[in-house]
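*Asks:* Give me a 3D structure for the following:
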Amino acid sequence: MTTPSSTPSSTPSSTPSSLGAFSISLAVADLSASKAFYTKLGFEVAGDYAEQGWAILRNGTVTIGLFQGMFERNLLTFNPGWDANANPVESFTDVRELQAKLEADGVEFQSKADPDGEGPASFVVTDPDGNPVLIDQHV
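*Replies:* Numbering: from 1, shown residues only. Next comes the predicted model:
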């Protein structure tokens with residue numbers, strides 16, 4: 001069930017709708033070196049938070065996040081409530097609704113959102129090949 005972003009639903013639906021904006025979150029050893037490398041490939045810095053150890057880069061519709069010291073591994077990342085430019089969308093499926101659907105389907109979690117919470121929250125699942133998938137809602 002999709003709802004306005006100001007009041008996302010928490011009732012499970014039979015099938016999750018869009019998971020939101022997609023990006024790759026890379027665990028990097030040296031943020032400056034990684035930013036320099038990806039800018040040479042044609043990426044532009046869309047958000048630079050070096051003091052916090054991360055940056056967001058874009059090349060057309062492709063978004064990558066560079067994170068130094070925040071994650072052990074690279075992550076597939078989805079952001080419910082955002083479009084590809086991190087702008088709020090009018091309607092989306094709340095992260096807790098997505099989590100409830102996956103729980104009902106027997107998916108195991110590395111971390112979970114508070115099912116009774118509201119607003120920003122996240123959870124992590126792992127695909128069959130060991131790749132972590134972060135569902136990270138910022139609204």
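
*Asks:* Report back the residue of this protein that's furthest from centre.
*Replies:* The C-alpha centroid of the chain is most remote from Lys40, which lies 24.7 Å away (Cα atoms, centre = their mean).

*Asks:* Tell me how far that one lies from Ile135.
*Replies:* Computed with Cβ to Cβ, to the nearest Å, the distance linking Lys40 and Ile135 is 31 Å. For every residue, glycine as well, the C-beta is placed using N, CA and C.

*Asks:* Quickly list what Leu66 is bridged to.
*Replies:* Leu26, Ala55 (DSSP bridges).

*Asks:* Repeat that for Pro88.
*Replies:* Taking DSSP bridges as the rule, Pro88 bridges to Trp82.

*Asks:* Quick check: it touching Pro80?
*Replies:* No - between Pro88 and Pro80 there is no contact under Cβ atoms under 8 Å: 10.6 Å.

*Asks:* ranges for the helices of the protein?
*Replies:* Assigned by DSSP state H, the helices in the chain fall at 31-40, 95-104.

*Asks:* Just the strands from the chain, written as ranges.
*Replies:* Per DSSP state E, the chain carries strands over the ranges 3-4, 21-28, 44-49, 54-59, 62-68, 75-79, 91-92, 109-111, 121-126, 132-137.

*Asks:* so which of those strands comes closest to Leu102?
*Replies:* If you check each of these against Leu102 by Cβ to Cβ, strand 121-126 wins as the nearest, at 6.5 Å.
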